[in-house]
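Trainee: Sequence plus the predicted model coming up.
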Amino acid sequence: MLEYGDEYHKGQHYDDFLDRYATPEQRNRWDAAYERIMLTDSQKELLRSFKREMKVLVLAGTWCGDCVEQCPIFARFAEETATIGLRFFDRDDQPVMAKALQICGAARVPAVMFLSEDDLPCGRYGDRTLSKYRKMASELTGAACPTGLGRDDQLTAAVVQEWLDEFERIHLMLRTSGRLRQKHGD
């Protein structure tokens with residue numbers, strides 16, 4: 001079984017991941033997506049209220065349109081709170097992790113694994129949020145992996161909120177954990 005806590009320390013920070021794996025064209029797409037991600041004041045306030053450390057492993061590919069659209073969201077979240085430790089892994093360079101984090105029988109990305117401060121798995125999420133799947137199901141046309149070049153600000157806002165809901169769910173799991181409350185005396 002994969003020891004996610006050990007793997008976390010081998011992961012890369014957002015910019016380091018892009019510097020290593022992205023072509024100049026891919027980096028431009030990621031940077032443009034990052035610039036489009038704007039958190040509301042209430043979303044920032046929520047993130048700043050997080051008390052427990054959470055480790056977040058993100059299996060991604062710089063070539064993947066879904067990653068272009070979603071991974072910058074995680075970077076924005078981590079900028080708002082020191083409690084989110086975010087590490088990226090290239091799917092093609094990490095076949096063992098890719099197999100362990102398979103979704104629907106495939107090494108789909110982004111795949112996210114949430115860990116507690118002491119490296120216990122708390123949740124998995126990915127590859128797309130409900131809003132994205134609803135949109136795809138309603139259209140049922142186009143490429144299997146969007147290019148990340150189109151703009152749908154309402155969909156982006158919905159995806160940001162759905163990811164934030166998942167991050168908050170994990171935080172509340174950690175915050176209310178009897179084991180961690182005893183450890184932190186709260």
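Mentor: Happy to help now that I have it.
Trainee: which one's the longest helix in this structure?
Mentor: helix 153-176 (DSSP state H).
Trainee: Would you mark the buried spots in that helix?
Mentor: Within helix 153-176, the residues scored as buried using 16 or more other Cβ atoms under 10 Å are 155-164, 166-168, 170-171, 173-175. C-betas here are computed from N, CA, C, even on glycine.
Trainee: got the contact list for residue 95?
Mentor: Contact analysis of residue 95 by Cβ atoms under 8 Å, 6 or more residues apart in numbering lists residue 107.
Trainee: Residue 59 now?
Mentor: Applying Cβ under 8 Å, 6+ apart, the residues near residue 59 are 89, 91, 94, 97-98, 101, 107, 109-113, 126.
Trainee: Among those, which are located in strands?
Mentor: 89, 111, 112, 113, 126 (DSSP state E).
Trainee: May I have the residues that are in contact with the third one?
Mentor: Read that as residue 112. Per Cβ under 8 Å, 6+ apart, neighbours of residue 112: 56, 57, 58, 59, 74, 124, 125, 126, 166.
Trainee: right, and the third one touches residue 74 too?
Mentor: Yes - here residue 58 lies in contact with residue 74, judged by Cβ atoms under 8 Å, at a distance of 6.1 Å.
Trainee: what about those two, which has more around it?
Mentor: Relative neighbour count places residue 58 above the other of residue 58 and residue 74, with 24 against 21, counting by other Cβ atoms under 10 Å.
Trainee: hang on, the more buried one in a strand?
Mentor: Yes - under DSSP: H, G, I helix; E, B strand; the rest coil, residue 58 sits within a strand.
Trainee: so what's it bridging to?
Mentor: When bridges are called by DSSP bridges, residue 58 pairs up with residue 88, residue 112.
Trainee: Since that was my last question, I'll sign off now.
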